[in-house]
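Enquirer: Test case, fold it:
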Amino acid sequence: MKDMKGLDVNKILPLLLAHKDRTLSAVFVVLGIIGLLMIFDSYRARAAEHQQGMKLLQEKMDVIGQHKISLKALKDFFAALPGPLEDKQLIGQITDYAAQNNVAILNYAPGPSKSTKLYDSSRMRLSVSALKFNDLLAFVRTIERSPYFLKIESLTGGTNTGGAKDSAKATGPLTAEISVSCVRMKK
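Expert: Okay, the predicted model is just below:
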């Protein structure tokens with residue numbers, strides 16, 4: 001910087017004018033380099049914007065792809081569901097389960113139904129009788145493991161003591177009141 005203070009512009013100007021061709025060429029080269037740097041910087045900024053845009057588009061495409069995969073999985077899930085049990089078929093299916101497990105149905109009472117956008121449901125109350133506790137337990141398990149979306153909502157039961165004061169000496173069958181609900185998915 002100290003050398004620049006002592007620089008006399010009046011001496012440099014005649015020197016530059018004496019070599020007009022070289023000076024003009026040097027000015028054009030400097031201006032060309034500055035112009036190229038400005039153009040390069042502009043292209044670099046645009047390239048970065050385009051790269052960011054491409055990245056966002058790729059992310060959107062990935063989300064759309066995942067959405068399509070999820071929709072297919074949901075359709076496959078609904079296709080794999082067993083056909084719905086209507087109320088008339090429901091008591092028939094429960095009766096089959098009872099017969100498979102040596103349980104007698106003493107009484108059947110349909111309950112309220114419910115309908116939503118995704119599913120319909122209905123309830124029923126059963127009075128059942130079994131000679132063995134294991135048969136009653138197997139009947140409950142069969143209902144709960146059914147492919148028809150059956151659920152035991154409540155179960156109360158007891159034994160018939162046959163007049164004996166000690167329930168350990170009970171001679172009669174086991175009885176139970178069972179509340180069962182059935183859900184039917186809308187496809």
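
Enquirer: in this structure, which spans are helices?
Expert: Secondary structure of the chain (DSSP state H): helices located at 2-5, 9-18, 20-80, 87-100, 133-144.

Enquirer: Next, count neighbours for the closest residue to G157 other than its chain neighbours.
Expert: In space, and not counting its chain neighbours, G157 is closest to A176: 3.3 Å by C-beta to C-beta, 6 or more residues apart in numbering. Heads up, the C-betas are built off the backbone N, CA and C, glycines and all. Neighbourhood size, A176 [other C-beta atoms under 10 Å]: 18.

Enquirer: In contact with A176: list those residues for me.
Expert: S127, V128, S129, A130, L136, L155, T156, G157, G158 (C-beta atoms under 8 Å, 6 or more residues apart in numbering).

Enquirer: Export the residues you listed to JSON lines and append columns for neighbour count and pLDDT.
Expert: Listed next are the contacts of A176 as JSON lines, based on neighbours: other C-beta atoms under 10 Å; pLDDT from 0 to 100:
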{"residue": "S127", "neighbour count": "15", "pLDDT": "93"}
{"residue": "V128", "neighbour count": "25", "pLDDT": "94"}
{"residue": "S129", "neighbour count": "19", "pLDDT": "93"}
{"residue": "A130", "neighbour count": "21", "pLDDT": "94"}
{"residue": "L136", "neighbour count": "24", "pLDDT": "92"}
{"residue": "L155", "neighbour count": "14", "pLDDT": "91"}
{"residue": "T156", "neighbour count": "9", "pLDDT": "91"}
{"residue": "G157", "neighbour count": "15", "pLDDT": "81"}
{"residue": "G158", "neighbour count": "12", "pLDDT": "75"}
